[in-house]
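S.K.: from the sequence below, what's the structure:
(chains A and B)
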Amino acid sequence: MYLIRKTLLFTIGLLNLYEGIAWALPISECGYLTQASATYTLQNDVSSSGTCFTLVAPDIVLDLNGHTITYDNGEGLTIPNGSFESELSTAWDTGSAPNTTRSAGSFINPVSVYDGDYALKVLTPSLDQVVTSVGQITLAPNKTYSLSAMVYNQVSDSITVAVQFNGTSVKAAQVGKTVRGFHYINATYTTGASTETYAIRITVTGAGAAPNGSIYIDDVRVQGHRYAGIMIGPLNWRSPPRVSDGTSQYGAAPRAVIKNGKIVQGSGLSQQSHGLIVEDQSATGFELSGLEITTKGANSRAILLHSAKNAQVHDNIFNHAVLTITSRDNYDGASVFAESGGYGTQFYSNTVASGVQTWLYARTNPGAAPHEIHHNDITLQTRVTNGFAIVSAGSKIFNNFIHCGTGNNSCRGIWAGGITGADTPGTKVYNNTVEVQQLPRNQEYNGCEAFGAYGIQMQGTNDAEVYGNVVTAYADLCEAHAFRVNPDNLPTAANNLVHDNTFRAIANGAARASSVKLSKVAPGAVDISSNTMITNRRWIYVNEGTVDSLTLTGNTWQTAGVLDEPFHPFEVYTWDTPPAHTYVINMVFRNNRYANAADEARFKADVYRSTIGWPNIEPNSNYVLVDEPITLPDSTPPSVSISSPVAGSIVKGSTPVSATASDDIAVARVEFYLDGVLIKTATVAPYSFNWNTLSTGSGMHVFSAKAYDEAGNVTTSNPISVHFRRIPKSPVITGVR
Amino acid sequence: MESKILLNIALAVTLISFLQGCRSTEVSSLSSMDDVPVPASTQGTATIEWSAPTLNDDESALTDLTGYKIHYGTSPGGYSASLDVGNVNRYTIANLEPGITYYFTVSAINSTNDESPVSNEVNKRVE
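M.R.: Numbers count the residues shown, from 1 in each chain, chains lettered A, B, ... in the order given. A predicted model of the protein is given here:
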C-alpha cells in the first residue's frame, strides 16, 4: 500500500513536471505563432509592411521583451501634392476644372486633417470639374488598397465629390452635403495578379445650379487596408478577413498573453489597421499588459476586440493619434472597441495619451458579470461628437481620471449605458474624476461638436447608478454640461439613480454651461438627489425634449465664478418656434440646500419666476419649489447629567431627583435609573421627580439617567452614588436604679 | 516558580485569616446576645432600663435594630463616656464612683450602624 502511494505521488509529480514544461521559443521575425502553450520571446525590434504576428494556437505567451513591433510599415504610395500644399500645376491637370483653385484651408479652422494648410477649392455654382493627376501611381499585384480623400460640401445636396482610379469604377464619393462638415471618404480595391498603374481623377459634379459657395477636397491618398500589429485568432472566419494579407491558417488562440513592448503603426498609414485584433474564438481569458500602442491610420484602432470574456487589459499606454474616421456613430474613433461586448473583463491602470473620439467602447452582455473599468488615466482630445472617453453599458466604471489634457482640446467623459437603445441595465459609475471642456477644435462641425461637452451622460439606461463622481465642465466656446440625463431612446427607462456627485459647470463669455442638462425625462426615469450643483450659468438646462414629473431632492445649489447679470440659473431651451416640443411639467425641488444666503435668493427668485416665463423659457413650463425644512440625519447624541442628589450625599425619605439634558435638535425623553432599574421617564423639562427612598433598602445606591433625542441617539449620564439612610427613633428610658 | 509558591502561600494565609475572622465575629455576637452582665452588687453601679423603638425616623418600621449605646456623664447633657451594650433593654454599669450623680441616656443602633438620637435623660446618685 505504501509503495502504491509513493508510486502515485511520484507519478503525479512527474505529470506536474510535464505540465510545467513551457515551450520557450525565441523569435526575431514577424510571422505565425502556432505552438500551443508556448512562450515566444522577441529578441529584437521587428517590422512588417503589413501584419506582423498572427496567433493561431491556445495559451500562447508573446513577450515582446521590451522590443517594438512596427506594422503597416510599407513605404506607401505617395500621390504627388495630394495634400495640395504646393502649386497645382506640376502635379495636377486642371485644364478641365476652370472653377478649381488651391486655397488656404480655413474651412477647417483650426483643425488640420493630415498635414498642411491648403486644400483644393471649387467655387459654385460650377460646371462639372475634373482634375487629374499628372503622374500615375503603381499598385502592386494581389494587394488591397484604400483610395481616400477628405471632402467638405455644405453647399448643395445635388453635388457629388469623388476621387477614383482613372479609367476604373473604383471611386470614393460623397453624394450630397457633408452634413457634419469635413468628411472622410474611401473606396477599397484589390489588384489582380499583375502590377496596375493609374492616374488619380478628382471630380465635382452636379453643381451647375448650386448656390454660391465653396467645395473643398484635401488629403487625396492611396494606402493599405486592413493590417494588424498582432492578430489573435483565426483570420478567415469572417468575410472579408480583418487583415488583408493573411494566409488561410486557421486556429483559435484563447488565453493569449501579450506583454511588455511597443506596437506601432508604421509609415503606411493604412486604414482599418489595428494594433491588436482579438477574434471571437480567442476572446476568452486573454491578457494584454505593459504595451504601448500607437495608431495613426484612418479608422485604425489600438485594440479591436470581437468581444472580451474574463480577460484583462491593464497597464498599457495608448497613443491613439488617428485623425480621420468614417462614422462617429459606429465609434470608428474608439481606441479600444469591443464589437459584441462580453463580460467579466478588467480594464484598469491604463494610460491614454490621446484619442480622436473615444478610448474604450465596451458593454457588458445582459445578465453577465460586469466589465470593470477602473483606475485609468485618460487624456482625450475629441475631434468628433460623441467623443466620450468611456462608453459602456452594464459595467462598473470607477476611480478613473478623465481630462482633455493641455492645449486647445475638447473631450467628453463617460457615457453610462445607451449604446444601442434598450441596453444592458445596471451600469455603475462612481468615484470618477472627470474634467471636460469645449473649445473650438472639432473637425466634424468646423468648430464645436454637437451640444458641447458632457462630463457624464446617462442615456438609454435602466437601474443605472451614478454617484460619488466629481465632474467639472468648462465651455470657452460652444457649451458644456457636467451631467446630462437623456433617457429618451429607452422609453421604459426607470430606476436610474444620480446622487452624491459634484457637478460643476463654468462658462466663459457667451458660452453655455449647466450643472445638469435634462432631455426627454419621463416620470420615474431618474432620481437626482444629494448632489452639489455649481455653476455660473445654469443649474438646470432643459433641451431636446420635455421633462415630466422630475423631483430633485436634497441637492445643494451653489454659484461660482463670474455670473451672468441678470442671473437665470434655470433654462428651458427649444429650437422650435413657437415652442412645441420642449418644456417642463411639474419639476419639483425638495429639501434644497444652499451654499449661502445669496444663492438661496437666486434659486428661489428664478424658480418662482419660471412659473411666469422669461425669454427662452417655454411658457408651459412649471417648476414647483417645495422648500421643506432640511431633514438632516441627526447623529449628534444629547448630553445629560444628574444635578440632584449630589454625589456622595446622604438622603432619606422623599428626595428630589433631577437631571439636566440638552440636544442640538431636541431631547425626546430622559429616563432615570436606580441601581440599573428604570424608575422614571420624563419627557419634558425640567426632568425631575421625587423619589421615596422608603421603597429601597438603606445603604449605597446609584442613580443614573439616559437622555434620548428623536433620532434615537442616546447618552447615559455619569452614575451618582448616594447613601440612603434611615435611623431608628430613640429608645425611651423607663427606669434607672 | 518561586514567586508563584510564595503567592499561593500568601493566598492560603489570607483565606484562613478570613475564615477565622468570620468565625470569631459570629461567636462574639452570640455571646453578647446571651450573656447579659449581672453585677455582683448595686454599690457603685447604675442599672438602666429602656423600651425599644419600633419605627425609623421616617416612620418606616424598624426592622434592623442591632443594639444600643449608653451615654453617661456627671452633668446634664454632658456625656463623657459611652458603652455599646448590645441588643438588650437593661444594663448595669459598674465601677461608678459613689457620691456622684450620673446622667444617662440611650441610643439605638441599626444594621448600617446608624445611631438614633439619644433618649430621654435620667440620673442617679451613686451610693
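S.K.: OK, contacts around the most centrally placed residue in chain A?
M.R.: Closest to where the C-alpha atoms of chain A average out (CA atoms, centre = their mean) is residue A:414, at 1.7 Å. Counting by CB atoms under 8 Å, 6 or more residues apart in numbering or on different chains, residue A:414 touches A:388-392, A:397, A:400, A:402, A:429, A:432, A:434, A:455-457. The C-beta positions use only the backbone N, C-alpha and C, and glycine is treated the same way.
S.K.: out of everything not next to it in sequence, what's closest to residue 118?
M.R.: Defaulting to chain A. Residue nearest to residue A:118 in three dimensions, not counting chain neighbours: residue A:84, with 4.7 Å by CB to CB, 6 or more residues apart in numbering or on different chains.
S.K.: actually it's chain B I care about, not the one you picked
M.R.: Nearest residue to residue B:118, sequence neighbours excluded (CB to CB, 6+ apart): residue B:105, at 4.1 Å.
S.K.: before we move on, which element is the one you found in?
M.R.: strand B:101-110 (DSSP states H and E).
S.K.: name the helices or strands packed onto that strand?
M.R.: If you count contacts as 3 or more CB pairs under 8 Å, 6 or more residues apart in numbering or on different chains; DSSP states H and E, strand B:101-110 packs onto strand A:732-736, strand B:46-51, strand B:65-73, strand B:122-125.
S.K.: going by neighbour count, list what's buried in the longest one.
M.R.: Within strand B:65-73, the residues that qualify as buried by neighbour count (16 or more other CB atoms under 10 Å in any protein chain shown) are B:65-72.
S.K.: which regions of chain B sit below the pLDDT cut-off?
M.R.: For chain B, residues meeting the criterion pLDDT under 70 lie at B:1-43.
S.K.: could you pull out the helices for it?
M.R.: B:2-34 (DSSP state H).
S.K.: close to chain A: what parts of it are there?
M.R.: Within chain B, the positions near chain A by CB under 8 Å from any CB of the partner chain are B:42, B:46-58, B:60, B:62, B:64-65, B:68, B:104-112, B:114-124.
S.K.: break chain B into its domains for me.
M.R.: B:1-35, B:46-125 (automatic domain parsing).
S.K.: how long is the last one end to end?
M.R.: The first and final residues of domain B:46-125 sit 9 Å from each other (CA to CA, to the nearest Å).
S.K.: now do stretch A:653-664, average pLDDT.
M.R.: In this model, stretch A:653-664 carries a mean pLDDT of 89.
S.K.: in it, what's buried?
M.R.: Applying 16+ other CB under 10 Å to stretch A:653-664 flags A:653, A:655, A:657-661, A:663 as buried.
S.K.: OK, contacts around the closest residue to residue A:524 other than its chain neighbours?
M.R.: In this structure, residue A:524 finds its nearest non-sequential neighbour in residue A:494, 5.2 Å apart by CB to CB, 6+ apart. Residues in contact with residue A:494 (CB under 8 Å, 6+ apart) are A:462-463, A:524-525.
S.K.: return the residues in contact with residue A:493.
M.R.: A:460-462, A:487, A:522, A:525-526.
S.K.: helices - which of those land there?
M.R.: Using DSSP H, the subset of those located in helices is empty.
S.K.: okay, those in JSON lines with distance to chain B and neighbour count next?
M.R.: Below are these laid out as JSON lines (distance: CB to the nearest CB, whole Å; neighbours: other CB atoms under 10 Å in any protein chain shown):
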{"residue": "A:460", "distance to chain B": "77", "neighbour count": "24"}
{"residue": "A:461", "distance to chain B": "72", "neighbour count": "33"}
{"residue": "A:462", "distance to chain B": "72", "neighbour count": "21"}
{"residue": "A:487", "distance to chain B": "77", "neighbour count": "27"}
{"residue": "A:522", "distance to chain B": "76", "neighbour count": "19"}
{"residue": "A:525", "distance to chain B": "74", "neighbour count": "26"}
{"residue": "A:526", "distance to chain B": "71", "neighbour count": "25"}
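S.K.: which among the residues you listed gets closest to residue A:210?
M.R.: residue A:460 (38.6 Å; CB to CB).
S.K.: you'd agree the closest one is up against residue A:423?
M.R.: Yes: counting by CB atoms under 8 Å, residue A:460 touches residue A:423, with 5.8 Å between them.
S.K.: quick one, domains of chain A?
M.R.: Split by automatic domain parsing, chain A gives A:92-223, A:307-626, A:639-724.
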